[in-house]
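In: Structure for this input, please:
(one chain, ligands or ions: 2)
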Amino acid sequence: MEIRVLGCHGAQLPGYNTTSFLLDDKILIDAGTVTSILTIEEQIEIDNILVTHSHLDHVKDIAFLADNLLRQKQSPVDIISTQGIIDILRSNLFNSVVWPDFSVIPDEHNPVIRFRPIEPGRQYALNGIIITAVMVNHVVETVGYVVDFGTGSVIFIGDTGPTEDIWKIANARNDVKAIFIETSFPNDMIDVAEAAGHFTPASLNEELTKLSLESPDIYLYHLKPQYYDVIKREVGLIKRNNIRILNEGEFIHI
Ligand SMILES: [Zn+2]
Ligand SMILES: [Zn+2]
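Out: Ligands and ions are numbered 1, 2, ... in the order given. Modelled structure (predicted):
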């Protein structure tokens, strides 16, 4: 599986894009940054968007992608998430006020996007992979995703503070190749991180004691770019193998 990092930060500054990962050219995990990176031909290739939660730094480019794909792509793009998260997107973003409701444009039988609710904990087959959503702990309803690609699995944990279920699921599998997890704020902003449902390098280090697997690569993302250098230095203090901060634009092959 190829994972292309379209954006891996928790805020937007020149050179720092908000979160989006492209899996094998077809599936997005979040859509914080898509249309400013991918060509229109690459955008047309996208079939599914797995949404972790409704915050703008994870969903804003669904809006611009939908606009770009009108009359360009033959089949709808499936927006996949829990019913609760989909309801938030429908009523607050694609509500014909903030942005057109592209799930009925150009018409409801052949729309640009299609909302596909899934139940946490259930497995769904999608373009040759199996996905499972798992509830995590953020200030709004948020899920992580276990992506099973046949010869291994990758876990995208999403925005979260301390959480439990996803570690139990990770520990019960013997095929986890990589874990993508957030680290948003520097250690001296632990009060903000806790209030907003995020990690600092120190609280992440504590959280990682819940992981009993030795081998997976751990990729850190969602750093707030204005604190990038401090967070990077503090991540360097984590005594663990196979852990590093993701880079904008990189390709990871698993
Ligand atoms: Zn975020
Ligand atoms: Zn968030």
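In: bridging residues for the closest residue to L23 other than its chain neighbours?
Out: Among residues not flanking L23 along the chain, I3 sits closest, at 5.9 Å (Cβ to Cβ, 6 or more residues apart in numbering). For the C-beta atoms, the positions are set from N, CA and C on the backbone; glycine is no exception. Beta-bridge partners for I3, by DSSP bridges, are L23, I252.
In: could you pull out the helices for the chain?
Out: 40-44, 56-69, 83-92, 165-172, 190-196, 201-207, 228-235 (DSSP state H).
In: most neighbours per residue, which of those?
Out: helix 56-69 (a mean of 21; mean count of other Cβ atoms under 10 Å).
In: does any part of that one sit near ligand 1?
Out: Yes: with Cβ under 5 Å from the ion as the criterion, ligand 1 is reached by helix 56-69 at D57.
In: Which elements pack onto that helix?
Out: helix 40-44, strand 77-81 (3 or more Cβ pairs under 8 Å, 6 or more residues apart in numbering; DSSP states H and E).
In: Report the inter-axis angle for that helix versus helix 83-92.
Out: Put simply, helix 56-69 runs at 60 degrees to helix 83-92, going by axes from the mean of the first three to the mean of the last three Cα atoms, to 10 degrees.
In: what's the angle from helix 56-69 to strand 77-81?
Out: Going by the same axes, to 10 degrees, helix 56-69 makes 160 degrees with strand 77-81.
In: Can you pull the residues of the stretch 151-254 of the chain lying near ligand 1?
Out: So far as Cβ under 5 Å from the ion goes, the stretch 151-254 of the chain lies against ligand 1 at D159.
In: Looking at the stretch 151-254 of the chain, what residue ends up closest to ligand 1?
Out: Of all residues in the stretch 151-254 of the chain, the one sitting closest to ligand 1 is D159 (4.4 Å; Cβ to the ion).
In: wouldn't that residue be in contact with L56 here?
Out: No: if you go by Cβ atoms under 8 Å, D159 and L56 don't touch, sitting 11.8 Å apart.
In: on that earlier part again, which stretch among the helices and strands packed on helix 56-69 comes nearest V230?
Out: When the helices and strands packed on helix 56-69 are compared by Cβ to Cβ, strand 77-81 sits nearest V230, at 32.5 Å.
In: Stretch 86-105 - what's its average pLDDT?
Out: What stretch 86-105 shows for mean pLDDT is 98.
In: ok so, going back, gap between the residue nearest to L23 and ligand 1?
Out: I3 is 18 Å from ligand 1, where distance means Cβ to the ion, to the nearest Å.
In: just V77 next, same as before
Out: 21 Å.
In: neighbours around the residue nearest to L23, how many?
Out: Neighbour count for I3, taken as other Cβ atoms under 10 Å: 23.
In: close enough to count as contact, it and I252?
Out: Yes: here I3 reaches I252: they are 4.5 Å apart, a contact under Cβ under 8 Å.
In: What pLDDT is listed against E141?
Out: Looking at E141, the pLDDT reads 98.
In: Next: the one 3 residues further on.
Out: G144 is assigned a pLDDT of 98 by the prediction.
In: Return the residues in contact with it.
Out: Going by Cβ atoms under 8 Å, 6 or more residues apart in numbering, G144 touches T52, A133, V134, V136, I155, F156, I157, G158, T160, I166.
In: Return the item of those residues having minimum pLDDT.
Out: Lowest pLDDT among these: G158, 94.
In: ok, that residue - contacts?
Out: Contacts of G158 were listed using Cβ under 8 Å, 6+ apart, and they are T52, H53, V136, H138, T142, V143, G144, Y145, E182.
In: Show me how to select, in ChimeraX, the buried members of these.
Out: ChimeraX command restricting the contacts of G158 to the buried ones, with burial defined by 16 or more other Cβ atoms under 10 Å:
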select :52,53,136,138,142,143,144,145,182
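In: near ligand 2, anything from stretch 53-61?
Out: Yes: applying Cβ under 5 Å from the ion, one finds stretch 53-61 in contact with ligand 2 at H55.
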